[in-house]
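# fold the stuff below for me.
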Amino acid sequence: MVADMRQRQPSLSTEQLNVMAAQRIGVDLNRPIHEAYIDYMLNLAGGSLGESIQYQESVADIIARSLPWTAFVMSISLLFVFVLGIGLGAIMAYKEGSKFDIGSSIIAIFLSSVPYYVAGVVLIYVLALELSLFPLNGRYPKGVDPGFTLEFIGGALYHVVLPAASFVITTWGGFALGMRGNSVQVLGQDYIRVAKLRGLADRRIALRYVGRNAILPMWTSFLIQVGFMFGASIILEEIFSYRGIGYYMFDSIDNRDYPLMMGTFLVITVCVVIAVLVADMTYGKLDPRVEAGGKNESY
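Next up is the predicted model:
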């Protein structure tokens with residue numbers, strides 16, 4: 001940073017440049033690195049993430065303001081991904097070998113191979129630029145004051161359609177294929193044969209009998225997907241100029257805003273770790289077969 005500043009302001013002395021750099025990153029360059037690290041960790045333990053160089057405000061305030069918007073996109077995306085992937089996967093397994101199963105599998109494999117940011121660019125070009133059906137960027141309409149009003153909530157939902165669709169289009173296929181594989185195993189169970197002999201409707205067997213038992217192993221994949229979406233938000237929010245935590249992280253990297261970069265990266269990392277931890281701690285409770293199997297094993 002000092003070398004970069006020296007090129008832009010060659011008239012300043014090294015001491016002046018060091019003072020300016022220390023002010024920008026919030027670290028005294030004359031102190032040993034281990035002391036600076038201890039100070040940083042103590043401040044972090046107290047909830048202080050420093051001050052943004054670019055925005056001249058607390059990093060914690062920026063994150064508190066932007067994280068709910070990222071969570072908003074993720075919640076809507078995961079809801080549609082889970083419902084669409086699980087529902088179609090169960091039906092695909094029940095109709096194994098049919099044209100519906102083959103066609104859905106091909107579509108799922110193809111869409112799963114498409115990067116989410118490519119889908120985002122295509123959606124912007126087709127639905128925002130060419131057809132003008134959705135806005136290009138932003139979190140809510142201009143001129144609308146944030147609040148619990150119908151105008152604001154409707155505008156926020158309208159602006160979240162394209163970012164969420166980018167996730168849904170490229171992610172549901174993996175869930176559907178995973179659900180299909182689990183469901184095929186469940187279909188071989190005796191209670192499925194009994195349900196068929198009772199003359200129950202195919203939809204009821206696929207969704208209630210097959211779906212309920214095959215969905216349990218998908219819980220871990222669901223929570224791991226939370227971590228993926230946090231990482232993916234960095235690029236996707238930049239594409240849509242959607243000011244969530246990913247947008248500010250990308251912006252901090254572009255502008256060398258180190259406190260903001262460290263703060264956003266730390267929060268995203270913690271969220272990913274918590275999601276994986278919750279998956280490990282709850283999977284055995286949700287699926288008693290796993291917990292029972294572990295207890296019966298001898299070492």
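# use CA for all of it now, contacts and neighbours both
Will do.
# what about residue 7, neighbour count?
10 (other Cα atoms under 10 Å).
# mind checking how far it is from residue 21?
For residue 7, the distance to residue 21 (Cα to Cα, to the nearest Å) stands at 14 Å.
# gap between the residue positioned nearest the centre of the chain and residue 75?
With distances taken as Cα atoms, centre = their mean, residue 229 lies nearest the centre of the chain, 1.9 Å away. According to Cα to Cα, residue 229 and residue 75 sit 10 Å apart.
# cool, and residue 151?
20 Å.
# ok, now residue 112?
20 Å.
# the more surrounded of those two?
Between residue 112 and residue 75, counted using other Cα under 10 Å, the more crowded position is residue 112 (19 against 14).
# which helix or which strand is home to the nearest residue to that one once chain neighbours are set aside?
Excluding its sequence neighbours, the residue lying closest to residue 112 (Cα to Cα, 6 or more residues apart in numbering) is residue 170, at 5.0 Å. Residue 170 belongs to helix 150-186 when assigned by DSSP states H and E.
# can you give me the buried ones in that helix?
Of all the residues in helix 150-186, those buried under the rule 16 or more other Cα atoms under 10 Å are 152, 155-160, 162-184, 186.
# cool, and stretch 40-54?
Applying 16+ other Cα under 10 Å to stretch 40-54 flags 40, 48, 49, 50, 51, 52, 53 as buried.
# can you map out the helices along the protein?
Assigned by DSSP state H, the chain shows helices spanning 2-8, 14-25, 33-45, 59-94, 99-112, 116-123, 150-186, 190-197, 202-204, 211-214, 218-239, 245-255, 258-286, 288-296.
# elements contacting the fifth one?
What that stands for is helix 99-112. helix 59-94, helix 150-186 (3 or more Cα pairs under 8 Å, 6 or more residues apart in numbering; DSSP states H and E).
# contact partners for the residue nearest to residue 184 when sequence neighbours are not counted?
Among residues not flanking residue 184 along the chain, residue 93 sits closest, at 5.4 Å (Cα to Cα, 6+ apart). Contacts for residue 93 were tallied using Cα atoms under 8 Å, 6 or more residues apart in numbering; they are 101, 180, 181, 183, 184, 187.
# just flag the most distant two among these.
101 and 187 (14.8 Å; Cα to Cα).
# against residue 64, how distant is residue 160?
Separation of residue 160 from residue 64 (Cα to Cα): 19 Å.
# oh, I was asking about residue 98
As judged by Cα to Cα, residue 98 and residue 64 stand 49 Å apart.
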